[in-house]
Structure formats: structure tokens, C-alpha cells
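Colleague: Quick one, fold the following:
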Amino acid sequence: MEYHVKNESHVAKAFKVRGGHTVVPAGKKADLVGAKELTEEQIEAFEREGVKVKAKGAKASKVEAGLVAKHHGGGKFNIVDGDDVLLSGLTKADADAFNAMSDEDKSDYLQSSTVD
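Modeller: Model prediction:
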């Protein structure tokens, strides 16, 4: 698996790769080749720590597709569809509940949340 990493945290981060690990120093960017595949939960955990991890290649679009609640910063989450923010200001509990919903329930939730 290949990832692009931008470490905006204050500490170096290590990633498992074929044959060992790669360390991305604080404030640096790196491309990881042969990395162990990360779950969405791991990628979100890195994001909360200020480390942006993006999958490269064909799987990148698969990871970003669909409605998902993602951490935005300051303990708040946004519901996004790709790069489009559809709803903002959710709590972690609300985001976790949203991500556990079926696609149909996610659509219904968005419709009920955006109607004034």
C-alpha cells in the first residue's frame, strides 16, 4: 500500500512498512511505499494528532468515496462526501453514530438535519 504523509504534529511518527518501519519527522512530508494498510480508524486517529495520511493510487478514491463523518478539528466532526462538506459541528458520538448507519439512513439523517 502507498500513502502520502504530512506530519504537522510536534513529534515524529513511525509507520510499518515492508522490511521494518519508516519514521516521518515532525513538520515533514513523506511518501510511504510498501506500507501496512491502515484502517479508516487509524487514519482518523493520526488526523486527530495532526498527521494527514492519504492513500495513493486506485484505493485512494475508494477510501474517500461516500458519506462519512470526519474529524475537522477542535473536537468537532463534519459530514463529507469526498471534498464537499455537507454538515458541520458534530460531536464525536454523533459522528460515530453516523458512520455506523446504512447509506439510506445517512441520506435520511442529512435530509432531516438540513431542513429548517
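Colleague: what residue is smack in the middle of the protein?
Modeller: Centroid-nearest residue in the chain, with C-alpha atoms, centre = their mean: Glu44, separated by 4.3 Å.
Colleague: Distance check, that residue against Asp96.
Modeller: 10 Å (C-beta to C-beta, to the nearest Å). To be clear about C-beta, it is placed using only N, CA and C from the backbone, and glycine gets the same treatment.
Colleague: Mean pLDDT per element in this structure, and the minimum belongs to which helix or strand?
Modeller: When each helix and strand of the chain is scored by mean pLDDT, DSSP states H and E, helix 58-64 comes last, with a mean of 46.
Colleague: and after that helix, which helix or strand comes next?
Modeller: Proceeding N to C from helix 58-64, the next assigned helix or strand is strand 67-73, under DSSP states H and E.
Colleague: all strands of this structure, in order?
Modeller: Remark: strands assigned in the chain by DSSP state E are 3-7, 13-17, 20-24, 29-32, 51-55, 67-73, 76-81, 84-90.
Colleague: low pLDDT regions in the protein?
Modeller: Low-confidence segments of the chain (pLDDT under 70): 57-65, 114-116.
Colleague: rewinding a little: Glu104: which of the strands of the chain is closest?
Modeller: strand 67-73 (10.7 Å; C-beta to C-beta).
Colleague: got the contact list for the closest one?
Modeller: If you take C-beta atoms under 8 Å, 6 or more residues apart in numbering as the criterion, strand 67-73 is touched by 40, 44, 47-48, 77-81, 86, 88, 90, 92, 94-96, 98-99, 103, 106-107, 110.
Colleague: cool, stretch 31-47 as well?
Modeller: Contacts of stretch 31-47 (C-beta under 8 Å, 6+ apart): 1-5, 13, 15-19, 22, 52-53, 56, 63, 68, 70-71.
Colleague: at 10 Å what do you get?
Modeller: Stretch 31-47 is contacted from outside by 1-5, 7-9, 13, 15-22, 24, 51-56, 59, 63, 68-73, 77, 95, 99, using C-beta atoms under 10 Å, 6 or more residues apart in numbering.
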